[in-house]
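**Student:** Pasting the sequence and the predicted coordinates here, then a few questions.
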Amino acid sequence: MKVLHLDTNHLLLLEQLNALGFTNDENYTDSKNTVEQFIHHYDGLIIRSRFKIDAQFLDAAKNLKFIGRVGAGLENIDTDYAQQKGIKLIAAPEGNRNAVGEHSLAMLLSLFNKLNTADKEVRDGKWRREDNRGLELDGKTVGLIGYGNMGKAFAKKLRGFEVKVLCYDIKHNVGDDNATQVSLKELQKHADVLSLHTPETPQTINMVNSKFIDAFKKPFWLINTARGKSVVTKDLVAALKLGKILGAGLDVLEYEKSSFENLFTSDMPKPFKYLIAAENVILTPHVAGWTFESKEKLAQTIVDKIKAEFC
């Protein structure tokens, strides 16, 4: 089989596929239109997020047997059309779930203990102990929306704290020893913290809007390490101003492009400007699953799944 790699990944992916007898070509610069001219020569495709694999691309890929996406989600692929064509879709959520769980916990603890503002103030020569008095997780209820690989990883990290963990998922019977599955209404009634672990789907786009936020019985903290478009940023900002949301840890943003282009332009949206200035908001550049360890794990997961299916 001939495999085309469109994004750089851990070297083990190339090395192990070579050892399994695959022919590997690398192309990290050509445009989507250019790649479409020769993609029919390939049986396999390895991507991260360089461009969208749409119906036009899939029609050009006449001999494609699999697409390996070195990441958790498949939203940059027309999955329905690919499956109609009999193309095997391979993702690797197992590869970065631990990293996402740790990042989610780090954001939550940093928000509760005001670590970002306290650090900045000390560096600026300010010693404000009372202003930086923190909160403890002990006794809080953490609500998770989405209880797959990422949600389960975060719940596992929370086991060392005296917290109650609730989860809501469209799938039935996914709860376990680390989280009790409940209805969305029940989660909104009890949660002190909400953490999102959902893929990008028509159901999750703009999910966290003003109506959704108002349904919570208590002010809550928001963690989003999932997909930026799940949160309507202007509604988040309004809730932060009103105290309905007490603070937010955001690894992903509504304004992101799938190709991870720079967000810092001269015409930044006003809600984004607010988030940048807010002391009760922590922002990271879509790196929750982006560790040295996860880079290797993601590649290994893709290799293992290709091997199991085609060798």
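**Tutor:** Cool, the structure landed. Residues are numbered from 1 along each chain as shown.

**Student:** The stretch 1-150 of the chain: helices as residue ranges?
**Tutor:** 11-19, 32-36, 55-60, 79-84, 93-112, 115-123, 149-157 (DSSP state H, counting those that start in this stretch).

**Student:** Would you mind listing the buried residues in the third one?
**Tutor:** When burial is assessed from 16 or more other C-beta atoms under 10 Å, helix 55-60 yields the following buried residues: 57-58, 60. Any C-beta I mention is one placed from the backbone N, CA and C, and that applies to glycine too.

**Student:** host element of the residue most central in space within the chain?
**Tutor:** Geometric centre of the chain, nearest residue: A226, 3.1 Å, by C-alpha atoms, centre = their mean. Assigned by DSSP states H and E, A226 belongs to no helix or strand.

**Student:** bridging residues for the spatially closest residue to it that is not a sequence neighbour?
**Tutor:** Ranked by C-beta to C-beta, 6 or more residues apart in numbering and with sequence neighbours excluded, the top spatial neighbour of A226 is L196, at 4.3 Å. Judged by DSSP bridges, the bridge partners of L196 are I145, N224.

**Student:** isn't L196 right up against G228?
**Tutor:** No: contact between L196 and G228 fails when scored by C-beta atoms under 8 Å: they sit 10.0 Å apart.

**Student:** Which of these two has more residues huddled nearby?
**Tutor:** L196 (24 against 19; other C-beta atoms under 10 Å).

**Student:** Could you measure from that one over to V142?
**Tutor:** Distance, L196 to V142, by C-beta to C-beta, to the nearest Å: 12 Å.

**Student:** Over to G68?
**Tutor:** 33 Å.

**Student:** same question for the helix or strand encompassing I306, mean pLDDT?
**Tutor:** According to DSSP H and E, I306 maps onto helix 292-310. For helix 292-310, mean pLDDT rounds to 97.

**Student:** May I see the buried residues of it?
**Tutor:** For helix 292-310, the neighbour count (16+ other C-beta under 10 Å) marks 294-303, 305-306 as buried.

**Student:** CSV for these, including distance to V208?
**Tutor:** Below are the buried residues of helix 292-310 laid out as CSV (distance: C-beta to C-beta, whole Å):
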residue, distance to V208
S294, 25
K295, 29
E296, 33
K297, 29
L298, 27
A299, 32
Q300, 33
T301, 29
I302, 31
V303, 36
K305, 32
I306, 36
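
**Student:** Can you give me the neighbour number for L12?
**Tutor:** Neighbours around L12, by other C-beta under 10 Å: 15.

**Student:** Just list the residues touching it, thanks.
**Tutor:** L12 sits next to 296, 299-300, 303 when contact means C-beta atoms under 8 Å, 6 or more residues apart in numbering.

**Student:** before we move on, what about N113?
**Tutor:** Counted by C-beta under 8 Å, 6+ apart, N113 has contacts 132, 134-135.

**Student:** what does the model give it for pLDDT?
**Tutor:** Note for N113: predicted pLDDT of 98.

**Student:** how near is it to G134?
**Tutor:** Distance from N113 to G134, by C-beta to C-beta: 4 Å.

**Student:** where are the low-confidence patches of the stretch 201-311 of the chain?
**Tutor:** 258-261 (pLDDT under 70).

**Student:** again, only this time at 80
**Tutor:** 257-266 (pLDDT under 80).

**Student:** Okay, strands next: where are they in it?
**Tutor:** Secondary structure of the stretch 201-311 of the chain by DSSP state E, counting those that start in this stretch: the strands cover 220-224, 245-250, 281-283.

**Student:** Quick one: these as JSON lines, columns for distance to L108 and mean neighbour count too.
**Tutor:** Below are these laid out as JSON lines (distance: least, C-beta to C-beta, whole Å; neighbours: other C-beta atoms under 10 Å):
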{"stretch": "strand 220-224", "distance to L108": "6", "mean neighbour count": "25"}
{"stretch": "strand 245-250", "distance to L108": "6", "mean neighbour count": "23"}
{"stretch": "strand 281-283", "distance to L108": "9", "mean neighbour count": "19"}
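
**Student:** so can I have a markdown table of the ones you listed showing distance to D78?
**Tutor:** Shown next, in a markdown table, are the strands of the stretch 201-311 of the chain (distance: least, C-beta to C-beta, whole Å):
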| stretch | distance to D78 |
| --- | --- |
| strand 220-224 | 25 |
| strand 245-250 | 28 |
| strand 281-283 | 31 |
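
**Student:** so which of those comes closest to F264?
**Tutor:** Closest to F264 of the strands of the stretch 201-311 of the chain is strand 281-283 (C-beta to C-beta; 11.5 Å).

**Student:** just to revisit the earlier point, ok, so of the buried residues of helix 55-60, who is nearest L13?
**Tutor:** Of the buried residues of helix 55-60, the one sitting nearest to L13 (C-beta to C-beta) turns out to be F57, at 21.2 Å.

**Student:** Which pLDDT value goes with the closest one?
**Tutor:** Value for F57, per-residue pLDDT: 97.
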